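[1] coords please:
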Amino acid sequence: MVVASAEKSLETMWVEKSEGVMTVTLNRPDRLNAFTKQMAEDWFTVLDDIDADDDVRAVIVTGAGRGFCAGADLSGGGGTFDPANAKGHGKGDAAREHRDEGGLLTLRIFRCLKPIIAAVNGPAVGVGVTSILPMDIRLASTKARFGFVFARRGVVPEACSSWFLPRVVGINRAMEWVATGRVFDAEEALAGGLVTEILEPDALLPRARELALEIAENTSGVSVALAPDDVADARRVASDGSPSTRFEGDELYGRTRGQPRGRDEFSREETPDFPAPCFARFPERHRAPRRASVRTLNRTRAFDQVARALTHHRDDLDE
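    Sure thing, here's the model as predicted:
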(Lines give C-alpha, C1' and ligand atoms only; values in the text may rest on other atoms or scores of the structure.)
Protein backbone atom coordinates (compact mmCIF):
# COMPACT_ATOMS: atom_id res chain seq x y z
CA MET A 1 0.00 0.00 0.00
CA VAL A 2 1.44 3.36 -1.02
CA VAL A 3 0.74 6.03 1.59
CA ALA A 4 1.42 9.73 1.94
CA SER A 5 1.84 11.93 4.98
CA ALA A 6 -1.32 12.45 6.94
CA GLU A 7 -0.77 16.20 6.74
CA LYS A 8 0.62 16.86 3.26
CA SER A 9 1.92 15.20 0.15
CA LEU A 10 5.61 14.46 -0.27
CA GLU A 11 7.55 16.04 -3.11
CA THR A 12 10.87 14.21 -2.98
CA MET A 13 10.07 10.71 -1.78
CA TRP A 14 7.36 8.11 -1.79
CA VAL A 15 6.33 5.78 0.97
CA GLU A 16 4.90 2.26 0.98
CA LYS A 17 3.67 0.33 4.01
CA SER A 18 2.81 -3.34 4.32
CA GLU A 19 3.07 -6.05 6.99
CA GLY A 20 4.42 -3.62 9.57
CA VAL A 21 7.26 -2.42 7.32
CA MET A 22 7.47 1.05 5.82
CA THR A 23 9.67 1.53 2.77
CA VAL A 24 10.85 5.09 2.11
CA THR A 25 12.19 5.71 -1.39
CA LEU A 26 14.07 8.93 -2.14
CA ASN A 27 12.56 10.02 -5.43
CA ARG A 28 14.64 12.49 -7.43
CA PRO A 29 16.19 9.97 -9.83
CA ASP A 30 17.06 12.60 -12.44
CA ARG A 31 19.43 14.16 -9.85
CA LEU A 32 20.57 10.86 -8.31
CA ASN A 33 18.21 11.74 -5.42
CA ALA A 34 20.34 14.75 -4.44
CA PHE A 35 19.43 16.30 -1.10
CA THR A 36 17.46 19.57 -0.93
CA LYS A 37 15.74 21.61 1.76
CA GLN A 38 12.45 20.17 0.55
CA MET A 39 13.79 16.65 0.96
CA ALA A 40 14.75 17.51 4.52
CA GLU A 41 11.22 18.74 5.22
CA ASP A 42 9.74 15.62 3.65
CA TRP A 43 12.05 13.51 5.81
CA PHE A 44 10.89 15.26 8.99
CA THR A 45 7.27 14.68 8.02
CA VAL A 46 7.84 11.00 7.30
CA LEU A 47 9.81 10.43 10.50
CA ASP A 48 7.06 12.01 12.57
CA ASP A 49 4.54 9.73 10.86
CA ILE A 50 6.75 6.69 11.48
CA ASP A 51 6.94 7.38 15.20
CA ALA A 52 3.20 8.11 15.44
CA ASP A 53 2.09 4.98 13.56
CA ASP A 54 1.94 1.96 15.88
CA ASP A 55 1.54 -0.33 12.87
CA VAL A 56 5.02 0.55 11.61
CA ARG A 57 7.57 -1.71 13.26
CA ALA A 58 10.57 -1.30 10.95
CA VAL A 59 11.64 1.02 8.13
CA ILE A 60 13.62 0.51 4.92
CA VAL A 61 15.24 3.46 3.13
CA THR A 62 16.42 3.25 -0.48
CA GLY A 63 16.70 5.40 -3.60
CA ALA A 64 14.82 5.52 -6.89
CA GLY A 65 16.78 4.86 -10.06
CA ARG A 66 20.48 4.10 -10.04
CA GLY A 67 21.45 6.29 -7.10
CA PHE A 68 20.84 6.30 -3.35
CA CYS A 69 21.63 9.96 -2.67
CA ALA A 70 24.33 11.94 -4.47
CA GLY A 71 24.76 14.45 -1.65
CA ALA A 72 23.56 18.03 -1.59
CA ASP A 73 22.01 19.32 -4.78
CA LEU A 74 24.73 21.59 -6.17
CA SER A 75 22.63 23.02 -8.98
CA GLY A 76 22.86 26.35 -7.15
CA GLY A 77 26.57 26.42 -7.95
CA GLY A 78 29.09 28.12 -5.73
CA GLY A 79 26.43 29.73 -3.57
CA THR A 80 25.02 26.41 -2.36
CA PHE A 81 26.76 26.61 1.01
CA ASP A 82 27.13 30.37 1.26
CA PRO A 83 25.95 31.51 4.73
CA ALA A 84 24.70 34.73 3.13
CA ASN A 85 22.03 32.64 1.39
CA ALA A 86 21.05 30.77 4.52
CA LYS A 87 17.71 31.22 6.15
CA GLY A 88 17.90 31.72 9.90
CA HIS A 89 15.71 29.73 12.25
CA GLY A 90 15.61 32.33 14.95
CA LYS A 91 16.26 35.97 15.67
CA GLY A 92 19.56 37.53 14.69
CA ASP A 93 21.96 37.21 11.81
CA ALA A 94 20.85 34.50 9.35
CA ALA A 95 24.36 33.14 8.81
CA ARG A 96 24.88 32.75 12.55
CA GLU A 97 21.43 31.29 13.16
CA HIS A 98 21.60 28.86 10.23
CA ARG A 99 21.48 25.18 11.09
CA ASP A 100 22.74 22.35 8.90
CA GLU A 101 19.64 20.58 7.57
CA GLY A 102 21.62 17.37 7.16
CA GLY A 103 22.62 17.50 10.83
CA LEU A 104 19.07 18.14 11.97
CA LEU A 105 17.94 15.19 9.89
CA THR A 106 20.68 12.93 11.24
CA LEU A 107 19.71 13.72 14.83
CA ARG A 108 16.04 13.12 14.03
CA ILE A 109 16.85 9.74 12.45
CA PHE A 110 18.91 8.88 15.54
CA ARG A 111 15.87 9.65 17.73
CA CYS A 112 13.46 7.58 15.62
CA LEU A 113 11.60 4.97 17.67
CA LYS A 114 11.63 2.36 14.92
CA PRO A 115 14.71 0.57 13.54
CA ILE A 116 15.79 1.89 10.13
CA ILE A 117 17.51 -0.26 7.52
CA ALA A 118 19.48 1.53 4.81
CA ALA A 119 19.37 -0.32 1.49
CA VAL A 120 22.04 1.57 -0.44
CA ASN A 121 21.33 0.79 -4.07
CA GLY A 122 23.84 3.15 -5.72
CA PRO A 123 26.07 6.17 -5.12
CA ALA A 124 25.82 7.62 -1.60
CA VAL A 125 28.12 10.59 -1.07
CA GLY A 126 28.14 13.68 1.11
CA VAL A 127 24.90 13.90 3.04
CA GLY A 128 23.84 10.77 1.17
CA VAL A 129 26.31 8.74 3.21
CA THR A 130 26.33 10.77 6.43
CA SER A 131 22.55 10.40 6.73
CA ILE A 132 22.84 6.59 6.90
CA LEU A 133 25.31 6.65 9.80
CA PRO A 134 22.62 6.84 12.53
CA MET A 135 20.52 4.17 10.81
CA ASP A 136 20.50 0.83 12.55
CA ILE A 137 21.41 -1.61 9.76
CA ARG A 138 23.20 -0.72 6.52
CA LEU A 139 23.13 -2.97 3.46
CA ALA A 140 24.76 -2.21 0.12
CA SER A 141 24.29 -3.22 -3.48
CA THR A 142 27.34 -4.26 -5.47
CA LYS A 143 26.73 -1.03 -7.42
CA ALA A 144 26.88 1.18 -4.32
CA ARG A 145 29.66 3.70 -3.98
CA PHE A 146 30.41 5.87 -0.97
CA GLY A 147 32.30 9.08 -0.43
CA PHE A 148 32.89 11.58 2.35
CA VAL A 149 33.89 14.07 -0.34
CA PHE A 150 33.79 17.27 1.71
CA ALA A 151 37.52 18.00 1.62
CA ARG A 152 37.43 17.81 -2.19
CA ARG A 153 34.61 20.36 -2.31
CA GLY A 154 36.23 22.87 0.01
CA VAL A 155 33.75 22.27 2.84
CA VAL A 156 33.84 20.32 6.10
CA PRO A 157 32.02 17.14 7.14
CA GLU A 158 28.41 17.78 8.07
CA ALA A 159 25.31 16.03 9.45
CA CYS A 160 27.03 15.14 12.74
CA SER A 161 29.33 12.78 10.83
CA SER A 162 32.34 13.82 12.91
CA TRP A 163 30.55 12.17 15.85
CA PHE A 164 28.89 9.21 14.14
CA LEU A 165 31.53 8.07 11.65
CA PRO A 166 34.37 7.29 14.12
CA ARG A 167 31.89 5.36 16.25
CA VAL A 168 30.75 3.30 13.29
CA VAL A 169 34.10 2.52 11.62
CA GLY A 170 36.80 3.67 14.07
CA ILE A 171 38.89 6.82 14.16
CA ASN A 172 41.64 5.73 11.77
CA ARG A 173 39.31 4.56 9.02
CA ALA A 174 37.08 7.60 9.49
CA MET A 175 40.03 9.96 9.16
CA GLU A 176 41.30 8.17 6.05
CA TRP A 177 37.97 8.51 4.27
CA VAL A 178 37.42 12.11 5.36
CA ALA A 179 40.98 13.31 4.68
CA THR A 180 41.19 11.79 1.21
CA GLY A 181 37.60 12.56 0.25
CA ARG A 182 37.72 9.74 -2.26
CA VAL A 183 34.81 7.68 -3.52
CA PHE A 184 35.12 3.99 -2.65
CA ASP A 185 33.22 0.82 -3.49
CA ALA A 186 30.97 -1.49 -1.47
CA GLU A 187 33.79 -3.96 -0.78
CA GLU A 188 35.79 -1.30 1.03
CA ALA A 189 32.67 -0.17 2.86
CA LEU A 190 32.14 -3.73 4.07
CA ALA A 191 35.76 -4.15 5.11
CA GLY A 192 35.60 -0.88 7.03
CA GLY A 193 32.38 -1.75 8.86
CA LEU A 194 30.24 0.89 7.18
CA VAL A 195 27.86 -1.79 5.86
CA THR A 196 27.17 -5.32 7.07
CA GLU A 197 26.28 -7.04 3.80
CA ILE A 198 26.82 -6.64 0.05
CA LEU A 199 24.13 -7.99 -2.25
CA GLU A 200 23.38 -8.13 -5.94
CA PRO A 201 21.08 -5.29 -6.99
CA ASP A 202 17.99 -7.48 -7.37
CA ALA A 203 18.60 -9.09 -3.97
CA LEU A 204 19.06 -5.87 -1.98
CA LEU A 205 15.47 -4.94 -1.19
CA PRO A 206 14.33 -8.54 -0.60
CA ARG A 207 17.12 -8.94 1.97
CA ALA A 208 16.24 -5.62 3.62
CA ARG A 209 12.61 -6.69 3.80
CA GLU A 210 13.58 -10.06 5.23
CA LEU A 211 15.39 -8.32 8.09
CA ALA A 212 12.56 -5.82 8.59
CA LEU A 213 9.96 -8.58 8.79
CA GLU A 214 12.11 -10.51 11.23
CA ILE A 215 12.03 -7.47 13.49
CA ALA A 216 8.34 -6.74 12.93
CA GLU A 217 7.16 -10.30 13.54
CA ASN A 218 9.40 -11.46 16.39
CA THR A 219 10.32 -8.56 18.65
CA SER A 220 8.87 -6.16 21.16
CA GLY A 221 8.61 -2.64 19.78
CA VAL A 222 9.35 -1.26 23.24
CA SER A 223 12.53 -3.29 23.59
CA VAL A 224 13.74 -2.35 20.10
CA ALA A 225 13.01 1.33 20.73
CA LEU A 226 15.02 1.26 23.96
CA ALA A 227 18.03 -0.51 22.47
CA PRO A 228 19.62 2.55 20.75
CA ASP A 229 19.31 4.53 24.00
CA ASP A 230 21.07 1.77 25.91
CA VAL A 231 23.91 1.62 23.39
CA ALA A 232 24.24 5.41 23.29
CA ASP A 233 24.28 5.60 27.09
CA ALA A 234 26.95 2.90 27.20
CA ARG A 235 29.10 4.84 24.73
CA ARG A 236 28.69 8.04 26.66
CA VAL A 237 29.49 6.70 30.12
CA ALA A 238 32.28 4.49 28.82
CA SER A 239 34.19 7.62 27.81
CA ASP A 240 33.91 8.80 31.44
CA GLY A 241 35.03 5.47 32.84
CA SER A 242 31.67 5.05 34.57
CA PRO A 243 29.69 1.82 34.71
CA SER A 244 26.95 1.50 32.10
CA THR A 245 25.03 -1.39 33.62
CA ARG A 246 22.83 0.93 35.67
CA PHE A 247 21.30 2.32 32.46
CA GLU A 248 20.56 -1.16 31.19
CA GLY A 249 19.25 -2.18 34.59
CA ASP A 250 16.92 0.80 34.75
CA GLU A 251 15.50 -0.09 31.35
CA LEU A 252 15.35 -3.84 31.99
CA TYR A 253 13.51 -3.55 35.28
CA GLY A 254 11.81 -0.23 34.63
CA ARG A 255 10.16 0.58 31.34
CA THR A 256 10.04 -3.02 30.11
CA ARG A 257 8.49 -4.47 33.26
CA GLY A 258 5.04 -4.40 31.65
CA GLN A 259 6.27 -6.63 28.81
CA PRO A 260 6.48 -10.11 30.39
CA ARG A 261 4.99 -11.92 27.42
CA GLY A 262 8.20 -12.14 25.44
CA ARG A 263 10.00 -13.82 28.31
CA ASP A 264 7.14 -16.16 29.21
CA GLU A 265 6.46 -17.26 25.64
CA PHE A 266 10.16 -17.75 24.95
CA SER A 267 10.29 -20.24 27.81
CA ARG A 268 7.39 -22.10 26.19
CA GLU A 269 9.05 -21.93 22.75
CA GLU A 270 6.14 -19.90 21.40
CA THR A 271 6.15 -16.84 19.18
CA PRO A 272 5.52 -13.83 21.45
CA ASP A 273 2.64 -11.45 20.84
CA PHE A 274 3.56 -8.03 22.21
CA PRO A 275 0.41 -5.98 22.81
CA ALA A 276 1.73 -2.58 23.85
CA PRO A 277 2.16 -0.11 20.97
CA CYS A 278 5.60 1.40 20.84
CA PHE A 279 4.59 5.01 20.34
CA ALA A 280 2.09 5.04 23.19
CA ARG A 281 4.85 4.20 25.64
CA PHE A 282 7.25 6.87 24.37
CA PRO A 283 5.34 10.15 23.97
CA GLU A 284 8.31 12.14 25.27
CA ARG A 285 10.42 11.14 22.27
CA HIS A 286 7.79 11.71 19.60
CA ARG A 287 8.38 14.64 17.26
CA ALA A 288 11.84 15.24 18.66
CA PRO A 289 12.87 18.88 18.08
CA ARG A 290 14.13 19.43 14.57
CA ARG A 291 16.10 22.47 15.59
CA ALA A 292 18.14 20.68 18.19
CA SER A 293 21.58 22.02 18.98
CA VAL A 294 23.88 21.10 16.13
CA ARG A 295 27.43 22.32 15.58
CA THR A 296 27.08 25.28 13.20
CA LEU A 297 29.48 24.61 10.39
CA ASN A 298 31.77 27.35 9.14
CA ARG A 299 31.64 26.92 5.38
CA THR A 300 32.84 30.36 4.29
CA ARG A 301 35.70 29.20 2.10
CA ALA A 302 35.95 27.89 -1.45
CA PHE A 303 32.29 28.21 -2.37
CA ASP A 304 33.14 28.97 -5.98
CA GLN A 305 35.13 25.73 -6.05
CA VAL A 306 31.97 23.76 -5.31
CA ALA A 307 30.47 24.64 -8.68
CA ARG A 308 33.68 23.71 -10.48
CA ALA A 309 33.88 20.45 -8.54
CA LEU A 310 30.34 19.49 -9.50
CA THR A 311 31.39 18.17 -12.91
CA HIS A 312 34.12 16.01 -11.42
CA HIS A 313 31.69 14.84 -8.74
CA ARG A 314 29.21 13.57 -11.33
CA ASP A 315 32.01 11.97 -13.34
CA ASP A 316 33.15 10.04 -10.25
CA LEU A 317 29.68 8.63 -9.76
CA ASP A 318 29.31 7.62 -13.41
CA GLU A 319 32.57 5.67 -13.54
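[2] where does the stretch 201-319 of the chain dip in pLDDT?
    The model of the stretch 201-319 of the chain has pLDDT under 70 over residues 228-319.
[3] could you look up the SS state of residue 198?
    strand (DSSP: H, G, I helix; E, B strand; the rest coil).
[4] for it, which non-adjacent residue is closest in space?
    residue 186 (4.8 Å; CB to CB, 6 or more residues apart in numbering). Glycine gets a C-beta too; all of them are placed from N, C-alpha and C.
[5] gap between the one you found and residue 140?
    Going from residue 186 to residue 140 by CB to CB, to the nearest Å gives 4 Å.
[6] out of these two, which sits in the busier spot?
    Legend: neighbour count by other CB atoms under 10 Å for residue 186 and residue 140, higher for residue 140 (28 against 21).
[7] my read is the more buried one is in a strand, agree?
    Yes - assignment of residue 140 by three-state DSSP places it within a strand.
[8] so it touches residue 188, yeah?
    No - in this structure, residue 140 is not within contact of residue 188 by CB atoms under 8 Å, at 10.4 Å.
[9] for residue 16, grab the count of nearby residues.
    If you count neighbours by other CB under 10 Å, residue 16 ends up with 13.
[10] does it have beta-bridge partners, and which?
    Taking DSSP bridges, one obtains residue 2, residue 23 as the residues bridged to residue 16.
[11] next one, pLDDT for it please.
    On the pLDDT scale, residue 16 is placed at 96.
[12] do residue 26 as well
    pLDDT at residue 26 comes out at 98.
[13] once you drop chain neighbours, what's closest to it?
    The shortest distance from residue 26 to any non-neighbouring residue, by CB to CB, 6+ apart, is to residue 33 (4.0 Å).
[14] how many residues are close by the one you found?
    Neighbour tally, residue 33, other CB under 10 Å: 30.
[15] same check, this time on the one 3 residues further on
    By the criterion of other CB under 10 Å, residue 36 has 18 neighbours.
[16] distance check, it against residue 101.
    In terms of CB to CB, residue 36 sits 9 Å off from residue 101.
[17] check residue 128 too.
    The spacing between residue 128 and residue 101, counted by CB to CB, is 13 Å.
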